[in-house]
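**Q** Please work out how this folds:
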Amino acid sequence: MNIKSLKLCAVFGTILFLLISVSASNPSGEGLVRNNTPVPITFEPASLYAKLNLKKLGLNQAAYQYALKGWEKLKAKGEISKNIISICDFTQPSGNKRLYIIDLASQTLLFNTLVAHGKNSGDEYARRFSNKPESLQSSLGFYVTGGAYTGKHGLAMKLRGEEPGFNNLAEGRDIVMHGASYVCDEFVKQFGRLGKSFGCPAVPLAIHEEVINTIKDGTCLFVYYPDSKYLASSCLLK
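**A** Modelled structure (predicted):
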């Protein structure tokens, strides 16, 4: 073997080594989960809020900041497995597109859409919240999304409440995300508000499957209203 052949072998050997190293460090592909925790990402919260035009889209800045704080804690605890966060901003009327789903890794707004609140939480605005069974009210705080399943509402998604006293009874109350015919612009035009759920964050039928398949299995959902008791007692905002 001449010198030129030896040099080519050395080059190919180096390339092969680098390819094996990259594959070993990220066997599942770019941006995916490693050891059931999100791949570390870096972004400046205020810049992202501006970049995604969230103020103009109506997202309360406090809701956004609180959501990121809780998301960081859930991530540190290993409770979430994807860099996606969903924020229900209940400072807004139900006729507004008050559900924001953000991919923090790609720094993109995936969805900005309608979302219903519980029947006994209020009419146009949600003002009352409860963790009690049969209250028919929405529950504040942080959730981790579970698996998708097919039930009486079609495709739906389980939710696990992460905050004792505020939403930890969500599973027993059958609080899930599902699609609903009363969550649409036509309903708002006719009645001045959305229809109401039994406490579930119901989304438009037209996109509910896409939404659920995007955020299922280990993402963070934050339901926000500036309730003084919640803000003072939340285990994830302290």
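
**Q** alpha carbons only for contacts and neighbour counts from here, please
**A** Noted.

**Q** Could you pull up the contacting residues of Pro93?
**A** Pro93 makes contact with 124-126, 193, according to CA atoms under 8 Å, 6 or more residues apart in numbering.

**Q** confidence score at it?
**A** You'll see Pro93 listed with a pLDDT of 98.

**Q** Report the separation between it and Val183.
**A** Counting by CA to CA, to the nearest Å, the gap from Pro93 to Val183 is 13 Å.

**Q** and Ser47, how many neighbours does it have?
**A** Look at Ser47: counted by other CA atoms under 10 Å, it has 10 neighbours.

**Q** Let me know whether my guess that it is in a helix holds.
**A** Yes: counting by DSSP: H, G, I helix; E, B strand; the rest coil, Ser47 is part of a helix.

**Q** for it, what are its contacts?
**A** Counted by CA under 8 Å, 6+ apart, Ser47 has zero contacts.

**Q** Which pLDDT value does the model give it?
**A** pLDDT recorded at Ser47 is 95.

**Q** do the same with Cys200
**A** On pLDDT, Cys200 comes in at 98.

**Q** is it fair to say it lies in a strand?
**A** No: with three-state DSSP as the criterion, Cys200 is assigned coil and is not in a strand.

**Q** list the contacts for the residue lying closest to it once chain neighbours are set aside?
**A** In this structure, Cys200 finds its nearest non-sequential neighbour in Ile175, 5.0 Å apart by CA to CA, 6 or more residues apart in numbering. Residues near Ile175 by CA under 8 Å, 6+ apart: 158-159, 199-201.

**Q** Out of those residues, which is nearest to Thr42?
**A** Thr42 lies nearest to Leu159 out of these, by CA to CA, at 27.1 Å.

**Q** So which helix or strand of the protein has the lowest pLDDT on average?
**A** The helix or strand of the chain with the poorest confidence is helix 3-25; it has a mean of 41 (mean pLDDT, DSSP states H and E).

**Q** For this structure, just list every one of the helices.
**A** Per DSSP state H, the chain carries helices over the ranges 3-25, 45-51, 61-76, 185-191, 208-215, 228-233.

**Q** Touching, Ala180 and Val203? I think so.
**A** Yes: under the criterion of CA atoms under 8 Å, Ala180 makes contact with Val203 at 6.2 Å.

**Q** Those two - which one has more neighbours?
**A** Neighbours per residue (other CA under 10 Å) separate Ala180 from Val203, with Val203 holding more: 25 against 21.

**Q** which ones are touching that one?
**A** Contacts of Val203 by CA under 8 Å, 6+ apart are 113-116, 177-180, 183.

**Q** can I get these in a markdown table with distance to Ile87 and pLDDT?
**A** Output for these, formatted as a markdown table (distance: CA to CA, whole Å; pLDDT from 0 to 100):
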| residue | distance to Ile87 | pLDDT |
| --- | --- | --- |
| Thr113 | 11 | 98 |
| Leu114 | 11 | 98 |
| Val115 | 10 | 98 |
| Ala116 | 13 | 98 |
| Met177 | 13 | 98 |
| His178 | 16 | 98 |
| Gly179 | 17 | 98 |
| Ala180 | 19 | 98 |
| Val183 | 17 | 98 |
